[in-house]
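Undergrad: Provided below are the primary sequence and the corresponding predicted coordinates.
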Amino acid sequence: MKPEYLADAAVDAALDEQIRTLLTTCFTGPQDAVFKTRRYFHDPYPHRWVIKNEQGELVAHVGVHERCVTSEGITSRIIGMAEVCVRPDYRGRGFIGMTFRCIHAWAIQQGFDFSVLFGDPKIYGSSGYTNVTNLFYDSQESDGRMVRKQALAMVKTLTTRPWPTGQVSLQGLPF
């Protein structure tokens, strides 16, 4: 079993159902009910990598956004990892590390500077991700006000360029 690239535009109804089934199996909080009707949490992404078992069933998934961040007038291209999951009966086999290596190699070829995700350092630290505290995004409150929020994010550098030290603004929705 190995990671396969899957363009979101190529997802048909049957594959959409398989993706949503995997996501609802792996993400079980009240907010995760969105996966019953769509294959993304906040915003659709153009790329995903999946792993299928011998029967062709999805057992692992990573969605990938293309975004930019800006700090001190410099814009950097990032990939945003989303909906990272492995079916419970397939966990502990290194599927996410294997998938991340494929995604990182692709992102480097495509000219991205950083990979960003929101997750547990105990899980993603082994893939080269480190915590950052200087990533911010704009969010609309229920009353319509826009507020600036700090993201608890993890970053992996994909080039020789270091992550900025000043405040970093994520363009678009968090993932």
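TA: That came through fine.
Undergrad: now the helices for this structure?
TA: Counting by DSSP state H, the segments of the chain that form helices are 13-26, 95-109, 121-124.
Undergrad: how about TSV for the ones you listed, with mean neighbour count and mean pLDDT added?
TA: C-beta coordinates here come from the backbone N, C-alpha and C atoms, glycine included. Formatted as TSV, those follow (neighbours: other Cβ atoms under 10 Å; pLDDT from 0 to 100):
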stretch	mean neighbour count	mean pLDDT
helix 13-26	16	94
helix 95-109	17	96
helix 121-124	14	85
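Undergrad: dump those helices to a markdown table, plus distance to Met154.
TA: Compiled in a markdown table, the helices of the chain are given as follows (distance: least, Cβ to Cβ, whole Å):
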| stretch | distance to Met154 |
| --- | --- |
| helix 13-26 | 19 |
| helix 95-109 | 12 |
| helix 121-124 | 5 |
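Undergrad: which outside residues touch stretch 162-172?
TA: 43, 65, 67-72, 74, 76, 114, 116, 132, 134-137, 151, 155, 157 (Cβ atoms under 8 Å, 6 or more residues apart in numbering).
Undergrad: switch the cut-off to 6 Å
TA: Arg67, Cys68, Val69, Thr70, Ser71, Glu72, Asn134, Leu135, Phe136, Tyr137, Val155 (Cβ atoms under 6 Å, 6 or more residues apart in numbering).
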